[in-house]
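Asker: how would this look folded up:
(one chain, ligands or ions: 1)
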Amino acid sequence: MIRFIGWLCLVSYITVAGALAQTGAPPAIQRIEPTNWWVGMKQTTLQLLVYGPQAGTMTYSINYPGVQLVKTHQVENPNYAFLDLTIAPTTKAGTLQIVGKAAGKSLSRAYELKARSREPKGQGVNSADFIYLLMPDRFANGNPSNDKFDDMLDKQADTKSPYLRHGGDLQGVMEHLDYLQELGVTTLWMTPVIENDEALKQEAPDRMQAGYHGYHFTDHYRIDRRFGGADAYVKLSKALHQRGMKLVQDAVYNHVSNDHWMFKDQPTKDWFNQWPAYTSSSHKEQSLYDPYAAESDRNLQLNGWFTPFLPDLNQRNPFLANYLIQHAIWSTETFNLDGWRVDTYKYNDLDFLNRCNQALLREYPNMFIFGESWVGNPVAQAFFVKNNIKFDFASNQPGGLDFVFFGAALDALKQNFSWDDGVNRLYNTFAQDAVYADPMKLVTFLDNHDTDRYLSMIGEDFNKYKMGLTWLLTARGIPSIYYGTEVLMKNFKNPSDAEVRRDFPGGFKDSPENKFLASGRAGKEADAFNLVKKLAIYRKNTPTLHSGKLMQYVPQDGVYVYFRYDANKTILIATNSMDQEKSMETSRFSERMKGYSQARNILNDEVLRDLKTIKLPAKTVMVLELAK
Ligand code: CA
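Answerer: Below you'll find the model as predicted:
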């Protein structure tokens, strides 16, 4: 999700529907959510949201062996009822009838309790994996017939406008799984695929933008038709698992689009965080962990809105909390997800986050969850994941996106070497890993859909490009790459983030080049692709890089050395960040190099037969696998 942008205060506050809907129509049931459930889940309770005109005024009953309707809740809006069910462990799969009665009339709706599939799910993502982040609208268009629909609020698709939808879809992703696998990718993370049936939004004073990025949900239980809908998503998930690959879904618990059906007819007055006038989040997460913070500051960070058109969900409402948690479980079970990336993590109610993580982990003990908390230092980052610090709040989140690594790696490449700067930034960052319960579970990256592109940030310097990617794929953590970085896509977010979300060359009918194919990658692009591939495949085949220890040495004279090692293997990663060649005496690394007499540089297969002094050309990195 994008960060705060200053123009927002100019946009008038959207009036939240004050009067909750009252209709004279006879009661009806239009929606039951979750739209189905399963037997044999560890959690034996289920809370159904029943929606329709006057749905909350009916008396409900369910007659199905093993299923009990324990309680029906009415809320302020008569169009909603919440039904608490228990599902006994012995309950058989089948279809039950939910019967609603009012004024002598009765109506019933079928509800399916499915048997759980044997498809792999909840496998988790770990440091043996390599994650590829892509935006389905911008990666490849596999089905031009679903690019736009006249009965959706945004009826346009045009690859010529950076702000409109481009027509990319899940079929397009399917068609390029060979490409991802060739690159060494094991795990796919896509920006959200949930329906964004919304009108163009005023993202800046001078531009209207489509919800092509997927972060503006309008219906939790629909996969966007323009991506191919639920059928295409199930197909993609199966195809990934058949290849031994994994699938991560992008969650947004913090807000929804103001075109979400539930915002248009709000269940309760406190479903969304309300303010007398439009109030933006402070975006100051410090107030959450600061021992000296004012309560009003915490409140503003958590309950202020992200933008005027993204109503902020109040997860302290227990019905909403259940709704979001059950949706996460429903999605995992329906689409056989292996991990969750959580958008705008630092803006959510903290107790809710822990409850949601715990519910997912209870059903899927290996589930990997990594939130987006855009912070600048290890203490802040540790607060949002399992950590070793005595904060007032103890997060149970297994992993997190490593924004601290991101900042440090970029500084290490951009800054001149000095006491704290240059490669010392990276060294200092790893040196503070004691704050995390498990730093190997941090998801590292060099750019993403909300940042300038990596190549542009490092001044299009290919030597630096190689260094950063080598760190990403050999240091601790779970590496991830943003689509196109491997073929040198570049750009700054100027004038907008659409510039870093350009179409993957070759994914669209009007693409002038096809960089999915080796024949379409020229010069440095081919070198870049081959470097990422070489490192990713090496990493995949080298358990030392998944679970081996890390030892780093104090950088000297712009040279930074770290080792990955275990009982089987020792790998030396040496970076010369300076403009001059360096002759590196290795005697100070004897703790790790004792007994080794030669090495192979896995980047170019060069064999070094004398390890006493290693020559490091200017601006280079070496990955040396040591041998006796
Ligand atoms: Ca399409």
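
Asker: which of the residues in the helix-or-strand element of the chain with minimal mean pLDDT are buried?
Answerer: The least trusted helix or strand in the chain, going by mean pLDDT, DSSP states H and E, turns out to be strand 201-204, with a mean of 88. Using 16 or more other Cβ atoms under 10 Å as the burial criterion, the residues of strand 201-204 that qualify are K201, Q202, E203. Where you see a C-beta, it was placed from the backbone N, CA and C, and this is true even at glycine.

Asker: Pretty sure the last one sits against L310.
Answerer: No. E203 is not in contact with L310 according to Cβ atoms under 8 Å; the separation is 11.0 Å.

Asker: and S61, what are its bridge partners?
Answerer: V99 (DSSP bridges).

Asker: That one: neighbouring residues, count only.
Answerer: S61: 14 surrounding residues under other Cβ atoms under 10 Å.

Asker: Got the confidence number for it?
Answerer: Note on S61: pLDDT of 98.

Asker: Make residue 1 into 191 and carry on from there
Answerer: New numbering, starting at 191: the last item is S251.

Asker: tell me what the least confident helix or strand of the chain is packed against?
Answerer: strand 397-399 (3 or more Cβ pairs under 8 Å, 6 or more residues apart in numbering; DSSP states H and E).

Asker: Just give me how far the strand it packs on sits from the chain centre.
Answerer: 24 Å (Cα atoms, centre = their mean, to the nearest Å).

Asker: which outside residues touch it?
Answerer: Contact partners of strand 397-399, identified using Cβ atoms under 8 Å, 6 or more residues apart in numbering, comprise Y353, L390, K391, Q392, E393, S686, A688.

Asker: tell me which parts of the stretch 241-390 of the chain are close to the ion?
Answerer: By Cβ under 5 Å from the ion, the residues of the stretch 241-390 of the chain that approach the ion are N331, N333, N336, D337, G357, D359.

Asker: before we move on, back to that, and of the buried residues of strand 391-394, the nearest to the ion?
Answerer: Of all the buried residues of strand 391-394, the ion sits closest to K391, with 21.2 Å by Cβ to the ion.

Asker: isn't the closest one right next to Y402, touching?
Answerer: No. Counting by Cβ under 8 Å, Y402 is not a contact partner of K391; they are 11.0 Å apart.

Asker: which residues does the residue in the stretch 691-818 of the chain positioned nearest to the ion contact?
Answerer: Per Cβ to the ion, F698 is where the stretch 691-818 of the chain lies closest to the ion, at 9.4 Å. Residues near F698 by Cβ under 8 Å, 6+ apart: A330, N331, T349, H356, G357, G358.

Asker: Can you give me the neighbour number for the closest residue to the fourth one other than its chain neighbours?
Answerer: In other words, H356. Spatial nearest neighbour of H356, excluding adjacent residues (Cβ to Cβ, 6 or more residues apart in numbering): T349 at 4.7 Å. Applying other Cβ under 10 Å, we find 20 other residues in the vicinity of T349.

Asker: thought T349 was touching G358?
Answerer: No. Judged on Cβ under 8 Å, T349 makes no contact with G358 at a distance of 9.2 Å.

Asker: what do these two both touch?
Answerer: Each of D693, F698 lies in contact with both T349 and G358 under the rule Cβ under 8 Å, 6+ apart.

Asker: which SS state does R754 fall under?
Answerer: Secondary structure, DSSP: H, G, I helix; E, B strand; the rest coil: R754 is strand.

Asker: Surely it is in contact with H736?
Answerer: No. R754 is beyond contact range of H736, at 9.4 Å (criterion: Cβ under 8 Å).

Asker: What parts of the protein come near the ion?
Answerer: N331, N333, N336, D337, G357, D359.

Asker: Give me the nearest residue to the second one, chain neighbours excluded.
Answerer: By that I understand N333. With Cβ to Cβ, 6+ apart, the residue lying closest to N333 is Q361, at 4.6 Å.

Asker: so which strand or helix has the one you found?
Answerer: Per DSSP states H and E: Q361 is located in helix 360-364.

Asker: Show me the contact partners of the helix or strand following that helix.
Answerer: Using DSSP H and E, the helix or strand that follows helix 360-364 in sequence is helix 367-373. Contacts to helix 367-373, defined as Cβ under 8 Å, 6+ apart, come from residues Y322, L378, A429, L430, R433, M435, E676, F706, F719, V722, K723, A726.

Asker: what are the pairing partners of the helix or strand following helix 367-373, and which direction each?
Answerer: Counting by DSSP H and E, the next helix or strand C-terminal to helix 367-373 is strand 377-380. Here strand 377-380 has these sheet partners by DSSP bridges: strand 321-324 (parallel), strand 436-441 (parallel).

Asker: burial of the closest residue in space to L259 that isn't next to it in sequence, as a residue count?
Answerer: Closest residue to L259 apart from its sequence neighbours, by Cβ to Cβ, 6+ apart: I252 at 4.5 Å. Neighbour count of I252, defined by other Cβ under 10 Å: 16.

Asker: and the residue nearest the centre of the chain, what does it touch?
Answerer: The centroid of the chain falls nearest to R531 when counting by Cα atoms, centre = their mean (3.1 Å). With contact taken as Cβ under 8 Å, 6+ apart, R531 is in contact with W379, V438, Q439, D440, A441, F560, G561, E562, L591, V633.

Asker: Read off the pLDDT value for it.
Answerer: So R531 comes in at 98 (pLDDT).

Asker: partners of it in the sheet?
Answerer: D440, F560.

Asker: Could you measure from it over to the ion?
Answerer: Applying Cβ to the ion, to the nearest Å, the value for R531 to the ion is 23 Å.

Asker: Y743 against V751, yeah?
Answerer: Yes. Using Cβ under 8 Å, Y743 is in contact with V751, at 4.8 Å.

Asker: the more surrounded of the two?
Answerer: V751 (26 against 16).

Asker: Go through the helix or strand containing N653 and flag the buried ones.
Answerer: Using DSSP H and E, N653 maps to helix 652-664. Neighbour counts over helix 652-664 (16+ other Cβ under 10 Å) mark 652-664 as buried.

Asker: and what of stretch 247-255?
Answerer: For stretch 247-255, by 16+ other Cβ under 10 Å, it's M248, Y250, I252, Y254.

Asker: Same check on stretch 747-759?
Answerer: G748, V749, Y750, V751, Y752, F753, R754, Y755.

Asker: For T235, state which of the residues you listed is nearest.
Answerer: R754 (45.1 Å; Cβ to Cβ).
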